[in-house]
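1. structure for this input, please:
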Amino acid sequence: MAIILGIESSCDETSASICIDGEIKSNIIAGQAIHSKYGGVVPELASRAHQQNIIPTVDQAIQQAKITKKDVDAVAFTRGPGLLGSLLVGTSFAKSFALARQIPLIEVNHMQAHILAHFIDDPKPNFPFLCLTVSGGHTQIVLVKDYFDMELLGQTLDDAAGEAFDKTAKILTLPYPGGPLIDKYAQLGDPNAFSLPEPQITGLNFSFSGLKTAILYLVQAKMKENPQFLTQHLNDVCASVQSRIVSVLLNKLKKAAKQTGVKDIAIAGGVSANSGLRSALIEMGEQYKWRVFIPKFEYCTDNAAMIAIAGYQKYLKQDFVGQDITPLARMHV
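-> From the prediction side, this is the model:
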């Protein structure tokens, strides 16, 4: 029996999870409300909050799994990509725990872990499959050939989809994090109320900076005409923005599916919790006879369960690292 402790600290969530023989037994996530008043994640404050949260979060994960720290066979941790100060907290704790218990240490790529979250529950995709990974910092289309054999087919050239949602929310004077609020208001609005451009980027790459600027100019122009514009049309603006971001993402995913001939299609990352994206992907899947895989909400945002499941697969391969390992702010899939 293999018991893996997973630790995630790449941004502003401190998370710990216990995986026993490939089954998640606990997944504890401690958020950081302090960032809301700044309109975004403040790296130094995130690091300090991780230091406060890491020990009680791990303790709670161990207790919920009904084991003791002596039962843990290996520690898996997020090496990167992410905020370096935040990564240092999780990495240092993992190294210390592994050294104290004399157990193996397993490094995990955060973006690979988002994809491998699909192996937590049934049904699971078959290799090869395509995964659209969308979060606050990344937007990627990945061809997944095996657990750790992945090919990056396309990515954003500037802003990520999550950034587009959050920056739009700021334009609309919504509090941080704004992405979920746009999703909420979009469900009450007309997605065809306002016309927004679709970026014309060749290949399978994305760009969202131009779309963000178009939204800014639209709001500025409408506010000049009517100072009450946002109050009166917030739902329609949110619906139009969400509809355009989703169409940009899925049009590229459709193109990737056509080029590769792959029929198992998945989404992952924080933005995969967006209701518009989830429903549009299901609809597109029915149209093109895809097998569609959408993670549970608790496995969309940053969490340690995905780190633990990735660590479990590496444990089976005996893929361990030494105490000289250091975190990396940037890592490729």
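
2. most distant residue from the middle of the chain?
-> Centroid-distance maximum for the chain: Glu225 at 38.2 Å, with C-alpha atoms, centre = their mean.

3. distance of it from Leu218?
-> Taking C-beta to C-beta, to the nearest Å as the measure, Glu225 falls 11 Å from Leu218. In short, each C-beta sits where N, CA and C put it, glycine included.

4. equivalent analysis for Asp166, please.
-> Distance of Asp166 to Leu218, given as C-beta to C-beta: 17 Å.

5. so between these two, which is more surrounded?
-> Set side by side, Asp166 and Leu218 show more neighbours around Asp166, with 23 against 18, by other C-beta atoms under 10 Å.

6. check which helix or strand that one maps to.
-> Under the criterion of DSSP states H and E, Asp166 resides in helix 161-171.

7. list the buried residues for that helix?
-> Residues of helix 161-171 classed as buried under the neighbour-count rule (16 or more other C-beta atoms under 10 Å) are Ala161, Gly162, Glu163, Ala164, Phe165, Asp166, Lys167, Thr168, Ala169, Ile171.

8. helix or strand right after whichever helix or strand Ser15 is part of?
-> According to DSSP H and E, Ser15 maps onto strand 14-20. Later in the chain than strand 14-20, the nearest helix or strand by DSSP H and E is strand 23-30.

9. list the buried residues in that next one.
-> Ile24, Lys25, Ser26, Asn27, Ile28, Ile29, Ala30.

10. so which of these comes closest to Leu316?
-> In terms of C-beta to C-beta, no member of the buried residues of strand 23-30 lies closer to Leu316 than Ile24, at 15.9 Å.

11. in space, what's closest to that closest one - neighbours in sequence excluded?
-> Ala305 (4.7 Å; C-beta to C-beta, 6 or more residues apart in numbering).

12. pull up the gap between the one you found and Lys184, please.
-> Taking C-beta to C-beta, one finds Ala305 at 25 Å from Lys184.

13. what about these two, which has more around it?
-> It is Ala305, of Ala305 and Lys184, that has more neighbours when counted by other C-beta under 10 Å, with 29 against 13.

14. quickly find the element holding that one.
-> Using DSSP H and E, Ala305 sits within helix 304-316.

15. what packs against that helix?
-> Secondary-structure packing of helix 304-316 (3 or more C-beta pairs under 8 Å, 6 or more residues apart in numbering; DSSP states H and E): strand 3-8, strand 14-20, strand 23-30, strand 74-80, strand 105-109, helix 110-116.

16. CA atoms only: put it into PDB for me.
-> The C-alpha trace of helix 304-316 is given here as PDB (Å, rounded to 0.1, in the frame of the first residue of the first chain):
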ATOM      1  CA  ALA A 304      -3.200  19.100  -3.500                       C
ATOM      2  CA  ALA A 305      -5.200  16.100  -4.600                       C
ATOM      3  CA  MET A 306      -3.900  16.600  -8.100                       C
ATOM      4  CA  ILE A 307      -0.400  16.800  -6.700                       C
ATOM      5  CA  ALA A 308      -0.900  13.600  -4.700                       C
ATOM      6  CA  ILE A 309      -2.300  11.700  -7.700                       C
ATOM      7  CA  ALA A 310       0.600  12.800  -9.900                       C
ATOM      8  CA  GLY A 311       3.000  11.900  -7.100                       C
ATOM      9  CA  TYR A 312       1.400   8.500  -6.800                       C
ATOM     10  CA  GLN A 313       2.100   7.800 -10.600                       C
ATOM     11  CA  LYS A 314       5.700   8.900 -10.100                       C
ATOM     12  CA  TYR A 315       6.000   6.700  -6.900                       C
ATOM     13  CA  LEU A 316       5.000   3.700  -9.000                       C
END
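
17. middle-most residue in the protein, spatially?
-> Gly269 (2.4 Å).
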